[in-house]
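Participant: got a predicted structure plus its sequence, pasted below:
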Amino acid sequence: MVSQEQRRRQLAREKFLRQQQRRTAARRKTHTRNAIVASVLGVVVVGSVVSYATGVFKNDDKKANAGAEVTPTPSATSKAPDPCEKAPEGKVKQLSWKKEPALTIDKSADYTMKMATTCGDIDIALKASAAPHTVNSFDFLAGKGYFDHTKCHRLTTDGIYVLQCGDPQATGAGGPGYTIPDENLKDKSLKDNVYPAGTVAMANQYNPQTQKGRNTGGSQFFLVYQDSQLPPDYTPFGTVSEAGMKVLKKIAAAGAQPADPQTGNTAPNATVVIDKATITKS
């Protein structure tokens, strides 16, 4: 027969094992979430180095394919008809600067960015007072025609629901040559680690696991078309208009392509090209 003391020890061991299993599962879940976030929002902003938020993806060595295999990426949806128009003729400008432009915007004024795309116009109310460096950078880049004729290179359709744009290379590796600081990370709209639908925020190189890569925003940004669970690590600097949300949802409804083995990008099935981006002050 098993004594009471032996039974007590057995129950204690079983309880300990259950606790360990729960902790292991929780760590695995956190790791997976961080890997997905890094994969979705990775962006290169320094020189010609091609890296992503995890710091392991480089096009110039064999680690690119290995990283793409082990890093979870949001699943692609089935192919749907392209709801967008053919892009007009025009080439992306190859522009780069060594440092952030001087701060010239009026932080007390209202600014709106209009993206005339092949899928329809997307108007964005910008948060100049809360994210002045970001809005100033976009005002500068749009004025130089930096975004004109660029493709929105990534659409995620599982867990995180965003359309990512702003890379002239359309690979997730492009940038303006300079970086801008993180801003407005305590925006009241970011409740319970959720970026609500309509939010426009910056991509960056921040890695939540190593806590490195702050202040690495460049030109890439993402538009949230459905509430998305994300830590408040990405500068929210604008809000999409109601009409713009209809365009975003049309793009999302067309689904995404399978992940590219080289970049990890899940490109939208819709041909999303920014014909022209303009920013107006009012």
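Facilitator: Alright, I've got the coordinates.

Participant: mind listing what residue 252 touches?
Facilitator: Neighbouring residues of residue 252 by CB atoms under 8 Å, 6 or more residues apart in numbering: 155, 157, 161, 163, 225-226, 268. Backbone N, C-alpha and C define where each C-beta goes, glycine included.

Participant: mind putting those into CSV with distance to residue 93?
Facilitator: What follows is the contacts of residue 252, written out as CSV (distance: CB to CB, whole Å):
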residue, distance to residue 93
155, 24
157, 30
161, 30
163, 22
225, 27
226, 32
268, 22
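
Participant: quick one: which two of the residues you listed are the most distant?
Facilitator: 226 and 268 (14.3 Å; CB to CB).

Participant: show me the contacts of residue 252 that map onto strands.
Facilitator: 155, 163 (DSSP state E).

Participant: select from the contacts of residue 252 the one having the most neighbours.
Facilitator: When neighbours are counted by other CB atoms under 10 Å, residue 155 leads these with 29 neighbours.

Participant: pLDDT at the closest residue to that residue other than its chain neighbours, what is it?
Facilitator: Nearest non-adjacent residue to residue 155, counting by CB to CB, 6 or more residues apart in numbering: residue 268, 3.8 Å away. With respect to pLDDT, residue 268 scores 98.

Participant: what do you get for residue 22?
Facilitator: Reported pLDDT for residue 22: 69.

Participant: where does pLDDT dip in the protein?
Facilitator: Of all residues in the chain, those with pLDDT under 70 make up the ranges 1-10, 12-14, 16-17, 19-79.

Participant: quick one: the helices in it?
Facilitator: 4-41, 63-70, 132-143, 242-253 (DSSP state H).

Participant: picking up where we left off before, ok, the residue nearest to residue 155 - contacts?
Facilitator: Here residue 268 is in contact with 152, 154-155, 163, 251-252, 254-257 (criterion: CB under 8 Å, 6+ apart).

Participant: and those, which of them are buried?
Facilitator: 152, 154-155, 163, 251-252, 254-256 (16 or more other CB atoms under 10 Å).

Participant: redo those residues as CSV? Include distance to residue 207.
Facilitator: Listed next are these as CSV, based on distance: CB to CB, whole Å:
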residue, distance to residue 207
152, 24
154, 18
155, 23
163, 23
251, 28
252, 27
254, 31
255, 29
256, 24
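
Participant: now, which of those sits nearest residue 102?
Facilitator: residue 152 (28.5 Å).

Participant: check contacts around the closest one.
Facilitator: Counted by CB under 8 Å, 6+ apart, residue 152 has contacts 117, 163-165, 251, 268, 272-274.

Participant: against residue 117, how distant is it?
Facilitator: 8 Å (CB to CB, to the nearest Å).

Participant: overlap of the contact sets of the two?
Facilitator: 272-274.

Participant: isn't residue 141 right up against residue 150?
Facilitator: No. Using CB atoms under 8 Å, residue 141 is not in contact with residue 150; the gap is 10.5 Å.
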